[in-house]
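Q: Below: sequence and its predicted model.
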Amino acid sequence: MAIAPRPVFDWKLRTRSLKLGTRTRIVGVLNVTPDSFSDGGQFFALDRALEQAHRLLNEGADILDIGGESTRPGERPQVSAQQEIDRVLPVIEAVLRQWPDAMLSIDTYKAQTAQVAIGAGAEIVNDISGFLWSETMAATCASLRCGVLLMHTRGHPQEWSAQPPIPLGEALLMVKRELAERAQAALAAGIARERIVLDPGLGFGKALDENYPLLANFEQFHALGYPLLVGASRKSFLMHTITSRCGKDVFVTPSATLAAHTAAILAGVHLIRVHDVAAGREAAAIADAIREAATCAAAEKEGHSEPSAPSSRS
């Protein structure tokens with residue numbers, strides 16, 4: 001089995017650093033929305049959001065990623081920055097009152113929401129647009145001196161159903177090129193390199209089987225030189241594969257999520273973003289153990305290699 005090397009980084013956040021690469025870090029999803037695709041409305045009320053935050057932290061989440069707007073495909077009313085702030089700010093404040101050391105990320109592409117969330121104690125801005133949907137987000141994050149997650153997105157959610165397919169064989173090259181451009185835009189705005197993590201954005205503008213080349217060749221994203229996150233949790237392309245190949249009509253596919261994330265961990269991903277933290281952490285523990293065994297085996301093989309024969313001299 002080929003196991004890709006995983007570079008080690010110190011990810012600089014707002015007030016602290018997080019070591020990446022020694023083990024897989026778990027990002028737990030906390031959606032405080034009425035309409036997210038897999039858990040919309042479940043944690044919209046503050047008490048339910050706090051119950052879920054406790055569950056995710058207790059199960060081993062390293063980071064809680066709090067979002068106040070759904071990015072599921074299709075047309076829907078636009079959520080203003082103030083609506084989003086009204087949803088996420090009470091949750092951020094309440095979580096940090098109960099768990100002062102909790103590491104929080106704000107899932108937003110709006111600069112105003114990012115400003116308020118970081119001011120309330122969040123450490124990271126997770127922008128699914130990679131700074132493309134707000135003219136001021138990059139400069140805002142630079143001034144906030146927080147960690148940033150930059151995701152690759154192809155178009156807006158309301159456009160995805162009508163987008164032309166990605167030409168065969170071009171998905172990986174396209175995402176690598178455009179992620180590199182997003183990282184360069186962040187650097188140009190004054191965001192330090194050590195604050196940046198990149199995410200290829202599975203399912204975001206990539207239809208169904210267009211996502212698999214990204215997973216199959218995930219180790220190639222290391223060439224970009226940044227820590228990497230992947231979020232395959234409950235994505236529709238997994239549901240499509242299970243339905244078409246296993247003959248099952250399913251919606252939530254925890255085992256499929258684990259398979260996708262395990263593949264990414266073996267290819268060297270640093271963080272996985274999950275709805276089911278306990279299951280994700282267990283899968284990561286096994287995948288990390290395989291990685292460690294592969295590293296030890298490689299070192300042992302190198303240490304026991306036969307010395308080269310001395311060259312003959314006349």
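A: Now that the structure is in, tell me what you want to look at.
Q: Low-confidence bits of the stretch 101-250 of the chain, can you list those?
A: 248-250 (pLDDT under 70).
Q: All the helices of it, residue numbers only.
A: 111-119, 137-144, 171-188, 212-216, 236-246 (DSSP state H, counting those that start in this stretch).
Q: With distance to residue 283 and mean neighbour count as new columns, can the ones you listed be given to me in CSV?
A: (Glycine included, C-beta is placed from N, CA and C.) CSV is the format used below for these (distance: least, CB to CB, whole Å; neighbours: other CB atoms under 10 Å):
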stretch, distance to residue 283, mean neighbour count
helix 111-119, 29, 22
helix 137-144, 31, 21
helix 171-188, 24, 18
helix 212-216, 14, 18
helix 236-246, 14, 16
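Q: Of those helices, which is nearest residue 18?
A: With CB to CB as the measure, helix 111-119 is the member of those nearest residue 18 (15.8 Å).
Q: which other helices and strands contact that closest one?
A: Counting contacts by 3 or more CB pairs under 8 Å, 6 or more residues apart in numbering; DSSP states H and E, helix 111-119 packs against helix 81-98, strand 104-107, strand 124-127, helix 137-144.
Q: Now render those as JSON lines, adding distance to residue 226.
A: As requested, those are exported to JSON lines (distance: least, CB to CB, whole Å):
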{"stretch": "helix 81-98", "distance to residue 226": "26"}
{"stretch": "strand 104-107", "distance to residue 226": "16"}
{"stretch": "strand 124-127", "distance to residue 226": "14"}
{"stretch": "helix 137-144", "distance to residue 226": "15"}
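Q: of all these, which lies closest to residue 118?
A: That would be helix 137-144 among these, by CB to CB, at 4.7 Å.
Q: what packs against the closest one?
A: Checking 3+ CB pairs under 8 Å, 6+ apart, helix 137-144 ends up next to helix 111-119, strand 124-127, helix 171-188.
Q: can we see that at 6 Å?
A: helix 111-119 (3 or more CB pairs under 6 Å, 6 or more residues apart in numbering; DSSP states H and E).
Q: What lies in contact with the helix it packs on?
A: 81, 84-85, 92, 106, 108, 125, 134, 136-137, 140, 144, 146 (CB atoms under 6 Å, 6 or more residues apart in numbering).
Q: please redo it, this time with the cut-off set to 7 Å
A: 14, 81, 84-85, 88-89, 92, 106, 108, 125, 134, 136-137, 140-141, 144, 146 (CB atoms under 7 Å, 6 or more residues apart in numbering).
Q: quick one, which of the helices and strands packed on helix 111-119 is nearest to residue 51?
A: helix 81-98 (11.1 Å).
Q: With respect to residue 150, which of the helices and strands packed on helix 111-119 lies nearest?
A: strand 124-127 (6.2 Å).
Q: Touching that closest one from outside, list them.
A: Outside strand 124-127, the residues that reach it (CB under 7 Å, 6+ apart) are 13, 63, 65, 105-109, 114, 118, 137, 141, 146-151.
Q: Run the chain-centre distance for it.
A: 10 Å (CA atoms, centre = their mean, to the nearest Å).
Q: In its sheet, which strands sit next to that strand, and in what direction?
A: Applying DSSP bridges to the sheet, strand 124-127 is found paired with strand 104-107 (parallel), strand 147-151 (parallel).
Q: closest to residue 6 out of the helices and strands packed on helix 111-119?
A: It's strand 124-127; of the helices and strands packed on helix 111-119, that one is closest to residue 6 (CB to CB) at 20.1 Å.
Q: What subset of the contacts of helix 111-119 is buried?
A: Buried residues within these, counting neighbours by 16 or more other CB atoms under 10 Å: 14, 81, 84-85, 88-89, 92, 106, 108, 125, 134, 137, 140-141, 144, 146.
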